[in-house]
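Novice: what follows is a protein structure lacking sequence information:
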DNA sequence: CCATAGATGAAAAAATTTTTCAATTAGAAG
DNA sequence: CTTCTAATTGAAAAATTTTTTCATCTATGG
(Lines give C-alpha, C1' and ligand atoms only; values in the text may rest on other atoms or scores of the structure.)
Protein backbone atom coordinates (compact mmCIF):
# COMPACT_ATOMS: atom_id res chain seq x y z
CA UNK A 1 0.00 0.00 0.00
CA UNK A 2 2.66 2.47 0.95
CA UNK A 3 4.72 1.25 -1.93
CA UNK A 4 3.02 3.56 -4.36
CA UNK A 5 3.34 6.58 -2.13
CA UNK A 6 -0.10 6.15 -0.60
CA UNK A 7 -0.83 6.85 3.01
CA UNK A 8 -2.24 4.29 5.39
CA UNK A 9 -5.07 6.40 6.76
CA UNK A 10 -7.59 5.21 9.32
CA UNK A 11 -10.28 5.35 6.67
CA UNK A 12 -8.42 3.06 4.34
CA UNK A 13 -7.64 0.65 7.13
CA UNK A 14 -11.30 0.59 8.09
CA UNK A 15 -12.43 -0.19 4.56
CA UNK A 16 -9.94 -3.01 4.25
CA UNK A 17 -10.99 -4.41 7.59
CA UNK A 18 -14.64 -4.36 6.54
CA UNK A 19 -13.91 -5.97 3.20
CA UNK A 20 -12.08 -8.74 4.98
CA UNK A 21 -15.15 -9.48 7.10
CA UNK A 22 -17.34 -10.58 4.24
CA UNK A 23 -17.14 -10.98 0.49
CA UNK A 24 -19.30 -9.38 -2.19
CA UNK A 25 -20.74 -6.55 -0.16
CA UNK A 26 -22.68 -3.69 -1.66
CA UNK A 27 -21.60 -0.12 -1.13
CA UNK A 28 -24.30 0.37 1.46
CA UNK A 29 -23.24 -2.70 3.36
CA UNK A 30 -19.67 -1.52 3.47
CA UNK A 31 -20.82 1.92 4.48
CA UNK A 32 -22.93 0.57 7.32
CA UNK A 33 -19.90 -1.21 8.68
CA UNK A 34 -17.62 1.77 8.63
CA UNK A 35 -19.74 4.85 9.23
CA UNK A 36 -16.62 6.75 10.18
CA UNK A 37 -15.63 6.84 6.52
CA UNK A 38 -17.28 9.52 4.42
CA UNK A 39 -19.12 8.52 1.27
CA UNK A 40 -16.71 10.26 -1.05
CA UNK A 41 -13.73 8.72 0.65
CA UNK A 42 -15.33 5.33 0.43
CA UNK A 43 -15.75 5.66 -3.32
CA UNK A 44 -12.21 6.90 -3.67
CA UNK A 45 -10.79 4.18 -1.49
CA UNK A 46 -12.57 1.41 -3.36
CA UNK A 47 -11.33 2.95 -6.56
CA UNK A 48 -7.77 3.11 -5.31
CA UNK A 49 -7.80 -0.41 -3.93
CA UNK A 50 -9.27 -1.54 -7.21
CA UNK A 51 -6.50 0.05 -9.23
CA UNK A 52 -3.98 -1.61 -6.93
CA UNK A 53 -5.55 -4.96 -7.66
CA UNK A 54 -6.53 -5.46 -4.02
CA UNK A 55 -10.26 -5.08 -4.50
CA UNK A 56 -12.52 -6.23 -7.29
CA UNK A 57 -15.91 -4.89 -8.29
CA UNK A 58 -18.38 -7.37 -9.60
CA UNK A 59 -22.05 -7.59 -10.43
CA UNK A 60 -23.93 -10.77 -9.70
CA UNK A 61 -27.17 -9.40 -11.01
CA UNK A 62 -28.15 -6.94 -8.34
CA UNK A 63 -25.83 -4.01 -8.75
CA UNK A 64 -22.19 -3.47 -7.95
CA UNK A 65 -20.52 -5.35 -5.17
CA UNK A 66 -16.98 -5.28 -3.87
CA UNK A 67 -14.68 -7.93 -2.57
CA UNK A 68 -11.05 -8.63 -1.86
CA UNK A 69 -9.38 -9.87 -5.02
CA UNK A 70 -8.31 -13.20 -3.67
CA UNK A 71 -6.72 -15.57 -6.09
CA UNK A 72 -9.61 -18.03 -6.01
CA UNK A 73 -13.20 -17.08 -5.66
CA UNK A 74 -16.25 -19.17 -6.45
CA UNK A 75 -19.85 -18.02 -6.32
CA UNK A 76 -23.04 -19.92 -6.76
CA UNK A 77 -26.04 -17.79 -7.76
CA UNK A 78 -29.58 -19.09 -7.68
CA UNK A 79 -31.48 -17.66 -10.62
CA UNK A 80 -34.72 -18.30 -8.83
CA UNK A 81 -34.29 -16.69 -5.44
CA UNK A 82 -31.21 -14.60 -6.19
CA UNK A 83 -29.32 -16.11 -3.29
CA UNK A 84 -25.54 -16.00 -3.47
CA UNK A 85 -23.30 -18.49 -1.75
CA UNK A 86 -19.61 -19.18 -1.92
CA UNK A 87 -17.65 -22.37 -2.08
CA UNK A 88 -13.99 -23.16 -1.69
CA UNK A 89 -13.39 -26.30 -3.66
CA UNK A 90 -11.89 -25.13 -6.94
CA UNK A 91 -13.39 -26.86 -9.96
CA UNK A 92 -10.81 -25.49 -12.36
CA UNK A 93 -8.38 -27.72 -14.14
CA UNK A 94 -5.05 -25.87 -13.84
CA UNK A 95 -3.80 -27.67 -16.94
CA UNK A 96 -6.28 -25.74 -19.02
CA UNK A 97 -5.37 -22.30 -17.78
CA UNK A 98 -4.49 -20.22 -19.59
CA UNK A 99 -6.09 -21.68 -22.70
CA UNK A 100 -3.60 -23.26 -25.06
CA UNK A 101 -2.93 -20.61 -27.65
CA UNK A 102 -2.70 -17.58 -25.42
CA UNK A 103 0.20 -15.87 -23.72
CA UNK A 104 -1.31 -14.81 -20.44
CA UNK A 105 -0.03 -14.84 -16.88
CA UNK A 106 -2.83 -15.92 -14.57
CA UNK A 107 -2.95 -14.27 -11.17
CA UNK A 108 -6.47 -14.96 -9.99
CA UNK A 109 -9.88 -16.06 -11.07
CA UNK A 110 -13.51 -15.64 -10.21
CA UNK A 111 -16.13 -18.20 -11.09
CA UNK A 112 -19.88 -17.70 -11.05
CA UNK A 113 -22.09 -20.72 -11.29
CA UNK A 114 -25.73 -20.04 -12.17
CA UNK A 115 -28.61 -22.40 -11.55
CA UNK A 116 -31.16 -23.34 -8.94
CA UNK A 117 -30.41 -23.91 -5.31
CA UNK A 118 -31.72 -26.88 -3.40
CA UNK A 119 -34.41 -24.87 -1.64
CA UNK A 120 -35.85 -23.55 -4.92
CA UNK A 121 -36.09 -26.88 -6.69
CA UNK B 1 -40.35 -14.95 -24.50
CA UNK B 2 -44.04 -15.02 -25.25
CA UNK B 3 -44.34 -17.80 -22.73
CA UNK B 4 -44.64 -15.35 -19.86
CA UNK B 5 -47.18 -13.17 -21.60
CA UNK B 6 -44.60 -10.77 -22.96
CA UNK B 7 -44.87 -9.21 -26.37
CA UNK B 8 -42.26 -9.61 -29.06
CA UNK B 9 -41.87 -5.95 -29.90
CA UNK B 10 -39.45 -4.54 -32.48
CA UNK B 11 -37.49 -2.92 -29.68
CA UNK B 12 -36.97 -6.17 -27.84
CA UNK B 13 -36.00 -7.93 -31.01
CA UNK B 14 -33.49 -5.19 -31.75
CA UNK B 15 -31.88 -5.45 -28.33
CA UNK B 16 -31.58 -9.20 -28.60
CA UNK B 17 -30.06 -8.88 -32.07
CA UNK B 18 -27.50 -6.39 -30.81
CA UNK B 19 -26.62 -8.52 -27.79
CA UNK B 20 -26.03 -11.44 -30.10
CA UNK B 21 -23.53 -9.41 -32.11
CA UNK B 22 -21.02 -9.04 -29.33
CA UNK B 23 -20.61 -10.05 -25.72
CA UNK B 24 -20.08 -7.82 -22.68
CA UNK B 25 -21.23 -4.54 -24.16
CA UNK B 26 -21.82 -1.43 -22.11
CA UNK B 27 -25.15 0.31 -22.15
CA UNK B 28 -23.81 2.98 -24.45
CA UNK B 29 -22.49 0.41 -26.87
CA UNK B 30 -25.82 -1.32 -27.03
CA UNK B 31 -27.55 2.00 -27.40
CA UNK B 32 -25.34 3.03 -30.28
CA UNK B 33 -26.26 -0.14 -32.10
CA UNK B 34 -29.97 0.24 -31.72
CA UNK B 35 -30.75 3.95 -31.69
CA UNK B 36 -34.34 3.15 -32.54
CA UNK B 37 -34.82 1.95 -28.97
CA UNK B 38 -35.46 4.60 -26.36
CA UNK B 39 -33.24 4.76 -23.32
CA UNK B 40 -36.00 3.88 -20.90
CA UNK B 41 -37.08 0.94 -22.98
CA UNK B 42 -33.52 -0.25 -23.22
CA UNK B 43 -33.21 -0.29 -19.45
CA UNK B 44 -36.52 -2.04 -19.13
CA UNK B 45 -35.72 -4.58 -21.78
CA UNK B 46 -32.38 -5.47 -20.26
CA UNK B 47 -34.10 -5.81 -16.94
CA UNK B 48 -36.79 -8.06 -18.36
CA UNK B 49 -34.33 -10.22 -20.27
CA UNK B 50 -32.29 -10.44 -17.12
CA UNK B 51 -35.20 -11.66 -15.05
CA UNK B 52 -35.93 -14.23 -17.74
CA UNK B 53 -32.38 -15.49 -17.47
CA UNK B 54 -31.60 -14.58 -21.06
CA UNK B 55 -29.26 -11.72 -20.31
CA UNK B 56 -26.68 -11.32 -17.60
CA UNK B 57 -25.21 -8.13 -16.19
CA UNK B 58 -21.63 -8.24 -15.12
CA UNK B 59 -18.86 -5.90 -14.10
CA UNK B 60 -15.35 -6.62 -15.19
CA UNK B 61 -13.97 -3.57 -13.47
CA UNK B 62 -15.23 -0.77 -15.68
CA UNK B 63 -18.91 -0.48 -14.97
CA UNK B 64 -21.88 -2.59 -15.92
CA UNK B 65 -21.90 -4.66 -19.06
CA UNK B 66 -24.49 -6.94 -20.55
CA UNK B 67 -24.28 -10.20 -22.39
CA UNK B 68 -26.37 -13.17 -23.41
CA UNK B 69 -26.42 -15.68 -20.60
CA UNK B 70 -24.89 -18.53 -22.52
CA UNK B 71 -24.16 -21.65 -20.61
CA UNK B 72 -20.40 -21.26 -20.87
CA UNK B 73 -18.59 -18.00 -20.82
CA UNK B 74 -14.93 -17.35 -20.17
CA UNK B 75 -13.25 -13.98 -19.89
CA UNK B 76 -9.64 -13.06 -19.56
CA UNK B 77 -9.00 -9.63 -18.05
CA UNK B 78 -5.61 -7.98 -18.08
CA UNK B 79 -5.11 -6.10 -14.83
CA UNK B 80 -2.49 -3.96 -16.48
CA UNK B 81 -4.17 -2.64 -19.61
CA UNK B 82 -7.76 -3.52 -18.76
CA UNK B 83 -8.18 -5.47 -21.97
CA UNK B 84 -10.90 -8.10 -22.04
CA UNK B 85 -10.81 -11.15 -24.25
CA UNK B 86 -12.87 -14.27 -24.43
CA UNK B 87 -11.96 -17.87 -24.89
CA UNK B 88 -13.99 -20.97 -25.63
CA UNK B 89 -12.03 -23.86 -24.22
CA UNK B 90 -13.69 -24.63 -20.89
CA UNK B 91 -11.20 -25.22 -18.07
CA UNK B 92 -13.85 -26.48 -15.67
CA UNK B 93 -13.84 -30.02 -14.42
CA UNK B 94 -17.50 -31.08 -14.66
CA UNK B 95 -16.90 -33.68 -11.97
CA UNK B 96 -16.40 -30.90 -9.47
CA UNK B 97 -19.57 -29.01 -10.22
CA UNK B 98 -21.54 -28.49 -8.15
CA UNK B 99 -19.16 -28.87 -5.21
CA UNK B 100 -19.65 -32.08 -3.29
CA UNK B 101 -21.83 -31.13 -0.38
CA UNK B 102 -24.29 -28.86 -2.12
CA UNK B 103 -27.63 -29.50 -3.72
CA UNK B 104 -27.55 -27.17 -6.69
CA UNK B 105 -28.66 -27.57 -10.27
CA UNK B 106 -26.09 -25.97 -12.54
CA UNK B 107 -27.40 -24.22 -15.63
CA UNK B 108 -24.54 -22.01 -16.68
CA UNK B 109 -21.29 -20.50 -15.56
CA UNK B 110 -19.13 -17.48 -16.11
CA UNK B 111 -15.41 -17.49 -15.47
CA UNK B 112 -13.16 -14.48 -15.18
CA UNK B 113 -9.44 -15.00 -15.26
CA UNK B 114 -7.33 -12.07 -14.06
CA UNK B 115 -3.68 -11.54 -14.83
CA UNK B 116 -1.38 -9.96 -17.38
CA UNK B 117 -1.73 -10.34 -21.09
CA UNK B 118 1.18 -11.12 -23.37
CA UNK B 119 1.51 -7.56 -24.61
CA UNK B 120 1.80 -6.15 -21.09
CA UNK B 121 4.44 -8.53 -19.83
C1' DC C 1 -60.89 -6.08 -37.72
C1' DC C 2 -61.50 -5.02 -32.43
C1' DA C 3 -60.48 -4.90 -27.92
C1' DT C 4 -57.20 -4.74 -24.47
C1' DA C 5 -53.34 -6.00 -21.71
C1' DG C 6 -48.93 -4.95 -22.21
C1' DA C 7 -45.33 -1.80 -24.09
C1' DT C 8 -43.25 2.59 -25.38
C1' DG C 9 -41.22 7.29 -24.94
C1' DA C 10 -40.74 11.94 -22.94
C1' DA C 11 -40.30 14.31 -18.92
C1' DA C 12 -39.48 14.34 -14.25
C1' DA C 13 -37.76 12.33 -10.13
C1' DA C 14 -34.59 9.65 -7.65
C1' DA C 15 -30.38 7.48 -6.88
C1' DT C 16 -25.62 6.95 -7.69
C1' DT C 17 -21.05 8.58 -8.67
C1' DT C 18 -17.65 12.21 -9.52
C1' DT C 19 -15.65 16.81 -9.08
C1' DT C 20 -14.21 20.81 -6.58
C1' DC C 21 -11.87 23.02 -3.02
C1' DA C 22 -10.67 24.41 1.61
C1' DA C 23 -9.17 22.19 5.78
C1' DT C 24 -6.80 18.29 7.81
C1' DT C 25 -3.28 14.70 8.50
C1' DA C 26 0.26 10.84 7.77
C1' DG C 27 4.81 10.32 7.34
C1' DA C 28 9.43 12.03 6.16
C1' DA C 29 13.01 15.05 7.66
C1' DG C 30 15.43 17.70 10.99
C1' DC D 1 9.43 15.89 19.50
C1' DT D 2 8.43 19.55 16.07
C1' DT D 3 8.08 21.11 11.34
C1' DC D 4 6.92 20.70 6.66
C1' DT D 5 4.54 19.10 2.68
C1' DA D 6 2.28 16.23 -0.36
C1' DA D 7 -1.47 13.37 0.11
C1' DT D 8 -6.07 12.80 1.95
C1' DT D 9 -10.48 13.95 3.66
C1' DG D 10 -15.33 15.68 3.80
C1' DA D 11 -19.12 18.82 2.49
C1' DA D 12 -21.35 20.76 -1.14
C1' DA D 13 -22.21 20.92 -5.81
C1' DA D 14 -22.20 18.93 -10.29
C1' DA D 15 -22.65 15.27 -13.34
C1' DT D 16 -24.22 10.93 -14.57
C1' DT D 17 -27.03 6.96 -14.35
C1' DT D 18 -31.29 4.66 -13.39
C1' DT D 19 -36.18 4.55 -12.21
C1' DT D 20 -40.87 6.31 -12.05
C1' DT D 21 -44.88 8.41 -13.96
C1' DC D 22 -48.33 8.77 -17.22
C1' DA D 23 -50.42 9.56 -21.67
C1' DT D 24 -50.19 7.29 -25.99
C1' DC D 25 -49.47 3.39 -28.84
C1' DT D 26 -49.36 -1.55 -30.49
C1' DA D 27 -48.87 -6.77 -30.59
C1' DT D 28 -51.73 -10.41 -30.24
C1' DG D 29 -55.86 -13.24 -29.10
C1' DG D 30 -60.60 -13.60 -30.30
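Specialist: Perfect, I can see it now. Every value quoted in this text rests on a predicted model; they were computed, and no experiment measured them.
Novice: ok, and the helix or strand in chain A with the lowest average confidence?
Specialist: strand A:84-86 (a mean of 87; mean pLDDT, DSSP states H and E).
Novice: listing partners with orientation, what would you give for that strand?
Specialist: When pairing is defined by DSSP bridges, strand A:84-86 lines up against strand A:72-78 (antiparallel).
Novice: chain center to the strand it pairs with: distance?
Specialist: 11 Å (C-alpha atoms, centre = their mean, to the nearest Å).
Novice: residue ranges for the helices of chain A, please.
Specialist: Under the criterion DSSP state H, helices of chain A are mapped to A:10-21, A:27-33, A:39-51.
Novice: what would the ones you listed look like in CSV with mean pLDDT, mean neighbour count and distance to DNA strand D?
Specialist: In short, each C-beta sits where N, CA and C put it, glycine included. Shown next, in CSV, are the helices of chain A (pLDDT from 0 to 100; neighbours: other C-beta atoms under 10 Å in any protein chain shown; distance: least, C-beta to the nearest atom of the strand, whole Å):
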stretch, mean pLDDT, mean neighbour count, distance to DNA strand D
helix A:10-21, 97, 16, 4
helix A:27-33, 97, 15, 11
helix A:39-51, 97, 15, 3
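Novice: can I get those in CSV including distance to DNA strand C?
Specialist: Compiled in CSV, the helices of chain A are given as follows (distance: least, C-beta to the nearest atom of the strand, whole Å):
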stretch, distance to DNA strand C
helix A:10-21, 6
helix A:27-33, 5
helix A:39-51, 4
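Novice: for DNA strand C, give me its nearest residue in chain A.
Specialist: residue A:8 (3.5 Å; C-beta to the nearest atom of the strand).
Novice: I'd say residue A:70 and residue A:108 touch.
Specialist: Yes: the pair residue A:70 / residue A:108 is scored as a contact, 6.8 Å apart, by C-beta atoms under 8 Å.
Novice: more neighbours, these two?
Specialist: residue A:108 (17 against 12; other C-beta atoms under 10 Å in any protein chain shown).
Novice: against residue A:97, how distant is the more buried one?
Specialist: As for residue A:108, its distance to residue A:97 is 11 Å (criterion: C-beta to C-beta, to the nearest Å).
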